[in-house]
Structure formats: structure tokens, C-alpha cells
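Visitor: fold the following, please.
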Amino acid sequence: MSALIVTALIRFLIFPGLLFTAVAGLLATWVDRKVTARIQWRVGPPVLQPFYDFLKLMGKEIVVPRGASKIAFLGAPLAGLAAAALAATLVGTAALDPAGGFSGDLIILLYLLAVPSLALVLGAASSKNPLASVGASREMKLVLSYELPFILVMLVAVVKSGGTLRLGSLLAYQAEHGSFAWSISGVVAMLVGVLCTQAKLALVPFDQAEAETEIMGGALIEYSGAPLAVFKLTKAMMTMVVPVFLIVTLWGGFGHTAGSVVLGVGKYVVLLVAVILIRNTNPRVRIEQAMKFFWGPVTAAAVLAVILAFIGV
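Guide: Here you go, the predicted structure:
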């Protein structure tokens, strides 16, 4: 039993959980900033800049607003970080060992991937700042908007695999029959998943909750020091976890040979570049426009993908 506990702790704290995902996520944010800079004809930051920024914030003073709920204000960043680390552990374990995991881990992951956004809402609302409350309201509306099509995307994978709710079984099915992403329903589901990923990561055009030019940081306006660093680290980790989740559920995972692992990394780079390009080629939309977009054409496309999956297309 002790050996199992040690193994579980290593997976959660080191690989493929907290430490590995944090480093990979910070490197992914560097790629984002570097590509953005090149698009704007700038040089961009050095590769270690995200790590410098994180360490600098960790050394800053922590300020708790007067009248704020201290437990909720300081506990929210930790809750989001823990959820992101646990999600990374489950996804990474399934990618490394499809025989591992447990029945229903897909449902657990859908819950875990929603927790960082809910933690941001909790922290902002507990700060008692009017602008933070506006950001919290916008974030909650976004969550209610994109979660439905995101769940429908996962339903496509469940339907095409014959009804399994286990990540390892999804990977095993794709290894035998081919990736879901190469079917028509899979292509539609993947496109919807990328749009939902953009919103989950709070990137333009779906960054209304932070919107520095409108509400001066919004949900994060009262955060400083280590709590702000933890929120930013959680976002960096989600930049790693959510695309990998899509790759595992819809695009065949990473495999176990050197060639398949390189191909899997290429898949992640493709999704990351797609997210970066969307961010740099679209203006921020209003919150009601974002809600209409996700509840309208995006949800309709997700429903179409589910229907196509049911009829075997």
C-alpha cells in the first residue's frame, strides 16, 4: 500500500503532474509570447522569461483587500492549481499507460478542468472589488457558455468508442480503429474543442473576465504576490493540459514509440499554434457576443458532430 501511495504522489507532484506540467506550461506560454512578438515584428522575450516572471511574483508582498474573505481569497488560487495538477496527472497517466486510469475518469476530468475557472470566480467575488465582481460575472457567464459544447465534444468520442467513459479505453479504441479526428464528426468536434479551449484559457477573443483595457485586470485586479503567481501558473498549466486532453480523447494520444511520441508533440504544437493565431488575429468580443457565439453556432456544430457520430460518419 505504501508503494502505491508513493507512486501516486510522484505522479501528482512530479511527473506527469504538478512539476512537469508547470515547466511545460511555462514553456508553452513562452512560445505564445514569442510567436506573438514575431507576428508584431518584435524580438520577444528569452526562453526563461516566464520562469523569471513567476519567481519575481513569488517574492512580492501579498496584499489582501480590506473586507475580503481571507480564506476564500487566498484559498481560491490553491484550489485552481490543485485541480489543474490533478487533471494533468489523470491525462498524463492515461497517455502513458492506457491500461491505467479508472472507469469514469473522463467525467472526473471534465469537472477538474472547470475548477480553475470557478476558483477565479470565487477569488474575484471574495475580494469585494466592484471591477473584480464584473470580471467574476463575466467568467461565470463564459463557463456557462462553453462548457455545454465542450461536453458535447467529449460525447462524440464516447459515442464513437461504443460508450466508454475511460480515457485508456478511448486511446485503445483509436489505436485499433484510427483517430476520431480523421472522421467528419471528429473534425467538427476538434474545431469546436479548439474554440472551447480558447475560452478555457481566457485568451482573446474570450478574455472578457480580465480585459485590462476595460476593467483593469478584472478578476485578478486585487491579486498580488504569490497568489497572483499561482493563478498565472495555473493558466500556464491549463495551456498544457487542455490541448493534451483533446489529443488523448480525439486525436489518438501520444503512443509509446519514439516516432509516435514525436508525432504527439507535433499534434500539441499544431493546437498551440492554432490557439496563438486565433488570439492574434481576432479582437476581443463583448460578453453577450461570446455567449451567443457559444450557445449558437458552436453548440449547433457540436450537436451536429454528435449526430454524425451516432450515424457513424
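Visitor: so for the helix or strand where Ala305 lies, mean pLDDT?
Guide: Using DSSP states H and E, Ala305 sits within helix 299-310. For helix 299-310, mean pLDDT is 97.
Visitor: what comes up buried for it?
Guide: Neighbour-count burial for helix 299-310 flags 299, 301-306, 308-309 (criterion: 16 or more other CB atoms under 10 Å). Heads up, the C-betas are built off the backbone N, CA and C, glycines and all.
Visitor: so where's the stretch 1-150 of the chain uncertain?
Guide: Where the stretch 1-150 of the chain drops to pLDDT under 70, the residues are 1.
Visitor: ok, now which ones touch Asn77?
Guide: One thing to correct before we go on: residue 77 is Pro, not Asn. 119, 123, 223, 227-228, 230-231, 234 (CB atoms under 8 Å, 6 or more residues apart in numbering).
Visitor: can I get the buried residues of helix 299-310 in a markdown table including distance to Trp251?
Guide: Shown next, in a markdown table, are these (distance: CB to CB, whole Å):
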| residue | distance to Trp251 |
| --- | --- |
| Thr299 | 22 |
| Ala301 | 18 |
| Ala302 | 17 |
| Val303 | 21 |
| Leu304 | 19 |
| Ala305 | 14 |
| Val306 | 18 |
| Leu308 | 17 |
| Ala309 | 15 |
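Visitor: ok, those residues vs Thr7, which is closest?
Guide: Thr7 has its nearest neighbour among the buried residues of helix 299-310 in Ala309, at 35.7 Å by CB to CB.
Visitor: these two touch, right, Ala125 and Gly135?
Guide: No. Using CB atoms under 8 Å, Ala125 is not in contact with Gly135; the gap is 9.3 Å.
Visitor: who has more neighbours, those two?
Guide: Taking neighbours as other CB atoms under 10 Å, Ala125 and Gly135 compare with Gly135 leading, 29 against 22.
Visitor: host element of the more buried one?
Guide: helix 130-160.
Visitor: give me the angle between that helix and helix 299-310.
Guide: 20 degrees (axes from the mean of the first three to the mean of the last three CA atoms, to 10 degrees).
Visitor: mind giving me the packing neighbours of helix 130-160?
Guide: helix 105-126, helix 184-200, helix 212-215, helix 225-250, helix 287-293, helix 299-310 (3 or more CB pairs under 8 Å, 6 or more residues apart in numbering; DSSP states H and E).
Visitor: quick check: angle from that helix to helix 184-200?
Guide: Using the same axes, to 10 degrees: helix 130-160 against helix 184-200 is 160 degrees.
Visitor: and of the buried residues of helix 299-310, the nearest to His177?
Guide: Once CB to CB is applied, the member of the buried residues of helix 299-310 that ends up nearest His177 is Ala309, at 13.0 Å.
Visitor: separation between that closest one and Val303?
Guide: From Ala309 over to Val303 the distance is 11 Å, taken as CB to CB, to the nearest Å.
Visitor: cool, Ser169 as well?
Guide: Taken as CB to CB, the span from Ser169 to Val303 is 24 Å.
Visitor: repeat for Ile107
Guide: For Ile107, the distance to Val303 - CB to CB - is 20 Å.
Visitor: tally of neighbours for Ile270?
Guide: For residue 270 the amino acid is Val, not Ile. 14.
Visitor: got the contact list for it?
Guide: By CB under 8 Å, 6+ apart, Val270 has no neighbours at all.
Visitor: and it, what element?
Guide: Per DSSP H and E: helix 258-280 holds Val270.
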